[in-house]
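>>> sequence plus predicted model, see below.
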Amino acid sequence: MSEFRQDIVNKNWVLIAEGRQRRPVDFQSYAATPPELPEISNKCDFCPGQESETKQEIAKYQKDGKWLVRVVPNKFEAVGHVIGKRTEDFYVSRPGIGDHEVLITRYHNQPTALQSVELIDFTLKAYIDRFNDLWLHDEVQYIHVIQNHGMQAGASLVHPHSQIFAIPFLPDRIRDEIVGTRNYYETNEACVYCAMILFELKARSRVILDTPDFLVMAPYASKMPYEIHILPKIHRAFFHQITISERKSLARAMKEVFSRLFARMQNPSYNYYIHTLPQRLSMSRRSISDKDCYHWHIVILPRVNVWAGFELGTEVYVNPMPPETAAKFLR
């Protein structure tokens, strides 16, 4: 029996259609990378020894004389520091102002699942440092960190890397989340994500991993098979304000989650991204601070199905894998 479920935060609907379910072994064709890759490739612009092939680095994180993480401007930037102005006649446009950076990890054959906890922690530290720097740019209204792994997820290179976008407006998706968390807070005097954590810990059916600092779960209204959310148990609105201890705990949780995806789903393509409260967002109505309402989190989307005409035409996403089944498989 299929079931429509509503996201408690943004109020969007999904259709859980279990009858269209596929087995995990059926996802082998979605493997993100070839099984055998060299640790260093002299044909890869992101590998050690090829540093001159990228733009001048913004930051570098080293250990024992070797860089582990480099941050460089994207050679094929989607946004940049261009001259222009917003126009409004019949249509509305604005120049593509912003920053587009690439965060490169050292080893060609080590996606997140195969990286050490230490290397994942270096990556998280680099994210935080870039947040702190990019928020100093007056035009920046939102910072979006993503990682695309595999062709089905839109990755153009095999070498593991993340991307950081700093853009001059607040995306509707984030605005909807902020409004949803604000509305819940006004009605219940509580953060919806904090309430969600308590509910899911009691229900247990969608819990994938429970650590002292983070809850990893399959969301109730999952848009995709095996969608995963990582929620901090300590309420924080801003990702870049987590403590060093929380950052290291997050690195351990991410290592475990991505290792399970790699081993149990044959290294699927995926996207992950961080949702966080914009630093410049002002006080909301009724003098409620959005930092009390919003709760940063990480979303992981294994790309093991294709959205078709129904999803694209209605924005009601059909998910053939109930999150309870997905969580049981990944636990």
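In hand now; what should we look at?

>>> need the phi and psi values for the residue nearest to residue 316 when sequence neighbours are not counted.
What sits nearest to residue 316 in space, not counting adjacent residues and going by CB to CB, 6 or more residues apart in numbering, is residue 13, at 5.0 Å. Where you see a C-beta, it was placed from the backbone N, CA and C, and this is true even at glycine. Phi and psi for residue 13, reported as degrees, to the nearest 10, are phi -100, psi 150.

>>> please apply the same query to residue 117.
Phi and psi for residue 117, reported as degrees, to the nearest 10, are phi -60, psi -40.

>>> burial count for it?
Residue 117: 15 surrounding residues under other CB atoms under 10 Å.

>>> swap in the one 10 residues further on?
Around residue 127 sit 21 other residues, with neighbours defined as other CB under 10 Å.

>>> which helix or strand contains it?
Taking DSSP states H and E as the definition, one finds residue 127 inside helix 117-134.

>>> next secondary structure after that helix?
Taking DSSP H and E, what comes next after helix 117-134 is strand 142-149.

>>> what does whichever helix or strand comes after that following strand contact?
Per DSSP H and E, the first helix or strand lying C-terminal to strand 142-149 is strand 161-167. Taking contacts as CB atoms under 8 Å, 6 or more residues apart in numbering, the residues outside strand 161-167 that touch it are 46, 71, 74, 78-79, 97-105, 123, 127, 130, 134, 137, 140-148.

>>> pull the helix or strand with minimum mean pLDDT from this protein.
Within the chain, no helix or strand scores below strand 87-88, which has a mean of 74 by mean pLDDT, DSSP states H and E.

>>> and the helices in the stretch 201-331 of the chain?
244-264, 290-293, 309-314, 323-330 (DSSP state H, counting those that start in this stretch).

>>> wait, a helix at residue 43?
No - assessed with DSSP: H, G, I helix; E, B strand; the rest coil, residue 43 is coil; it does not lie in a helix.

>>> from residue 37, how far off is it?
Residue 43 sits 11 Å away from residue 37, taking CB to CB, to the nearest Å as the criterion.

>>> neighbour count: those two, which is higher?
residue 37 (16 against 8).

>>> what about the residue nearest to residue 6 when sequence neighbours are not counted, neighbour count?
Excluding the flanking residues, the one nearest residue 6 by CB to CB, 6+ apart is residue 13, at 5.4 Å. Other residues within reach of residue 13 by the criterion other CB under 10 Å amount to 13.
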